[in-house]
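> got a predicted structure here, sequence first:
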Amino acid sequence: MSRQIILDTETTGLSADAGDRVIEIGCVELLNRKLTGRHFHYYLNPGRDSHEDALKVHGISNEFLRDKPRFEAVAAEFIDYLRDAEVIIHNAAFDVSFLNKELELAGLPPFAAHVERVTDTLAMAKELYPGKRNSLDALCDRLGVDNSSRTLHGALLDAELLADVYINLTRGQDALLIAEETGPGGAEGSVPSLDLRTLSLRVLPASEAELQAHALLLRDIDKASGGKTVWPIAKNA
């Protein structure tokens, strides 16, 4: 069974090395690409105030965090929740740097020691959409994910949105997953095979207009990739 955790954090600022700390952790769980409803979410007392610019992003006041637990108080529960899962993060280097610092201060091994692997959806999006904006909001707009409730950043809300974005980014994997789940044998488990020799298929050739539109699309993709596509581009398209 494939277990994945979608994770996001909010922080007091931009640099863990400069002393900024995690103030919120939000995670949601996917089993076989389905949300389970089992999530991990804590606000944390960072022991310092957030920078003014960070407050404008997440809106989590210093006063609100005063009575919240410290990271070390929830660290064991956090590690147990993540253990051996694939963890999916948008701009993973940022969140992992902060979580590594928190784990270090708590006297615990770094993040990678507790999980199977980390997948960065920002890196995935840059591969799929070179030269385009690939923030979480931009990907929600591009992939039809409703982010209308996201007026401020929040770790749990952003993790939920990122789960939808990830499913859409990797939609082509569904067929492979169905094949893995069904496997050999029985009406429940087997994918029916077709004898192509007995099929009579009508071939519908593309029209001239459709061929021209296809050539234009290939040209645009080639241009967006900086000429890195492997197919020949029609010069008169």
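It's in. No experiment lies behind these values; they were computed from the predicted model shown.
> what pLDDT does residue 25 get?
Here the pLDDT value assigned to residue 25 is 98.
> residues contacting residue 166?
Contacts for residue 166 (C-beta atoms under 8 Å, 6 or more residues apart in numbering) come out as 6, 88, 121. Bear in mind the C-beta positions are built from the backbone N, C-alpha and C, glycine included.
> in JSON lines: the residues you listed, plus pLDDT and secondary structure.
As requested, the contacts of residue 166 are exported to JSON lines (pLDDT from 0 to 100; DSSP: H, G, I helix; E, B strand; the rest coil):
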{"residue": "6", "pLDDT": "98", "secondary structure": "strand"}
{"residue": "88", "pLDDT": "98", "secondary structure": "strand"}
{"residue": "121", "pLDDT": "98", "secondary structure": "helix"}
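> just these now: which is nearest residue 64?
residue 6 (24.1 Å; C-beta to C-beta).
> tell me where this protein is predicted with low confidence.
Scanning the chain for pLDDT under 70 picks out 1, 172-203, 231-237.
> please go through it and pick out the longest helix.
helix 208-224 (DSSP state H).
> which parts of that one are buried?
Within helix 208-224, the residues scored as buried using 16 or more other C-beta atoms under 10 Å are 218, 222.
> how far out from the middle of the chain is that helix?
Centroid displacement of helix 208-224 relative to its chain, using C-alpha atoms, centre = their mean, to the nearest Å, is 30 Å.
> swap in stretch 57-67?
Centroid separation between stretch 57-67 and its chain, computed with C-alpha atoms, centre = their mean, is 26 Å.
> list the buried residues in that stretch.
Neighbour-count burial for stretch 57-67 flags 58, 60, 65 (criterion: 16+ other C-beta under 10 Å).
> on that earlier part again, can you put the contacts of residue 166 in JSON lines and add neighbour count and distance to residue 110?
Below are those laid out as JSON lines (neighbours: other C-beta atoms under 10 Å; distance: C-beta to C-beta, whole Å):
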{"residue": "6", "neighbour count": "28", "distance to residue 110": "20"}
{"residue": "88", "neighbour count": "27", "distance to residue 110": "18"}
{"residue": "121", "neighbour count": "21", "distance to residue 110": "21"}
